[in-house]
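Chemist: I would like to see how this sequence folds:
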Amino acid sequence: MKVKTTRTGKTGTGRGGRLGAGKGLATKRRDKTALMRKKVCRLCVNKAKTLDYKDTRTLEMFIKDRGKIVSSRISGNCAKHQRMVAEAIKKARFISLIPYVR
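Modeler: Presented below is the predicted three-dimensional model:
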């Protein structure tokens, strides 16, 4: 008995007609994450209990050049310390130790 074979899509890949369906974005992500180093919270490493709003040098590390607060995804802060950083920056801005916009 002969089985009739059909081609799906224009490419004949059998996966919805997409080119390179097996080697897509997931493979690229896996390769990229294998090369990246895990980010570590600098404040956890230094065992900081509190973050002072008067310490502008430390706060400047967590502010972009335009004045935005750097996200925890980029800075590597844990959630607890990111909340502390954001609160300290807002307090420092309020009493004009740090500018809102540059």
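Chemist: got the buried residues for stretch 74-83?
Modeler: Judged by neighbour count (16 or more other C-beta atoms under 10 Å), stretch 74-83 contains these buried residues: 75-77, 81-82. From N, CA and C alone the C-beta is placed, and that goes for glycine too.
Chemist: From the contact counts, what lies against the longest helix seen in the chain?
Modeler: Longest helix of the chain, by residue count under DSSP state H: helix 79-94. If you count contacts as 3 or more C-beta pairs under 8 Å, 6 or more residues apart in numbering; DSSP states H and E, helix 79-94 packs onto helix 42-45, helix 56-60, helix 72-75.
Chemist: Show me the one of those that comes nearest Val3.
Modeler: Closest to Val3 of the helices and strands packed on helix 79-94 is helix 72-75 (C-beta to C-beta; 51.0 Å).
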